[in-house]
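Enquirer: Sequence and predicted model, in that order:
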Amino acid sequence: MINLIPFLKRKPVVPVIRLAGKIGTGRNALNDAGLEPLLEKAFKSKPAAVALVINSPGGSPVQSSLIAARVRRLADEHGVKVHAFIEDVAASGGYWLACAADEIWVDASSLVGSIGVIFASFGFPEAMARQGIERRVVTAGRSKSFADPFLPQKPEDIARLRALQDPIHAAFIAHVKARRGARLADTDLFNADIWVGQGAADVGLVDGLAHLVPKLKQLYGDKVRLQPLGQKRGLLSRFGLNLAQDALTTVEERALWARYGL
């Protein structure tokens, strides 16, 4: 009703979108399609700003790029400033998301960085040999079975994987440089190192130490209203009908978090 009375000043509103967990295409993962309604709603509501609360160990580089591009597109279209607040971790794809913001704020113990690309798998050739198991593969196309975990690792497979990783890494670096610009220190920031809190600020990966509520009050006044926006869980998830898939997703995500001691 207040909004319908023109001479009453509206309190500034900042939608708060929580980006927590693995980035990918799986159910319950952060992805562009799932976040589209939230982001559209946040930016179209004529807010004072939009806040992203990020706690992610990374995941899909494509989904990271799509989400970040959507944030920037909407921010530019609506002339809205974006603030990112990092909790435990914004690493790899998580930092890719943070760079979509105009300003990035961290806790003194937040882990930030890992600007790199990883491919990880397992190899079982010796175990198969001990069990007397013979691997039989027929392919059409010489690259169809490269990096086969049941065969010894080949130098040419490593070279192919690095050829795939290099353009992804280059795109990540270009995104960070475009968004952080002159704030970046003149040092090697792109070899997948991790920085903690103030250390990340010292090299320009973030803008400083700050928490969500006090920082937004400082920027937009004590009367600023924070509006949490969250993704809705699917019907099957709410009734616990996807327990097997949820368990597999949890194992995969735990492996990502474990890289950062969490």
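Expert: Received the coordinates, thanks.
Enquirer: burial measure for the closest residue to residue 185 other than its chain neighbours, as a count.
Expert: In space, and not counting its chain neighbours, residue 185 is closest to residue 203: 4.2 Å by C-beta to C-beta, 6 or more residues apart in numbering. Heads up, the C-betas are built off the backbone N, CA and C, glycines and all. Look at residue 203: counted by other C-beta atoms under 10 Å, it has 19 neighbours.
Enquirer: these two touch, right, residue 203 and residue 186?
Expert: No - counting by C-beta atoms under 8 Å, residue 203 does not reach residue 186; the two are 9.4 Å apart.
Enquirer: Where is the longest helix in the protein?
Expert: Looking across the chain with DSSP state H, the single longest helix is helix 155-180.
Enquirer: what's downstream of that helix, the next helix or strand?
Expert: Next along the chain after helix 155-180, taking DSSP states H and E as the criterion, comes strand 194-196.
Enquirer: Pull out the buried residues from that following strand.
Expert: 194-195 (16 or more other C-beta atoms under 10 Å).
Enquirer: which residues are contacting that strand?
Expert: For strand 194-196, the external contacting residues (C-beta atoms under 8 Å, 6 or more residues apart in numbering) are 91, 108-114, 202-203, 205, 260.
Enquirer: PyMOL command for the buried members of the residues you listed?
Expert: Here is the PyMOL command that selects the buried residues among the contacts of strand 194-196 (16+ other C-beta under 10 Å):
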select buried, resi 91+110+111+112+113+114+203+205+260
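Enquirer: Make TSV from the contacts of strand 194-196 and add distance to residue 83 to it.
Expert: What follows is these, written out as TSV (distance: C-beta to C-beta, whole Å):
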residue	distance to residue 83
91	19
108	18
109	19
110	15
111	19
112	15
113	19
114	22
202	20
203	20
205	15
260	23
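Enquirer: Enumerate the positions of stretch 162-181 that are buried.
Expert: Buried-residue list, stretch 162-181, by 16+ other C-beta under 10 Å: 169, 171-172, 175-176, 179-180.
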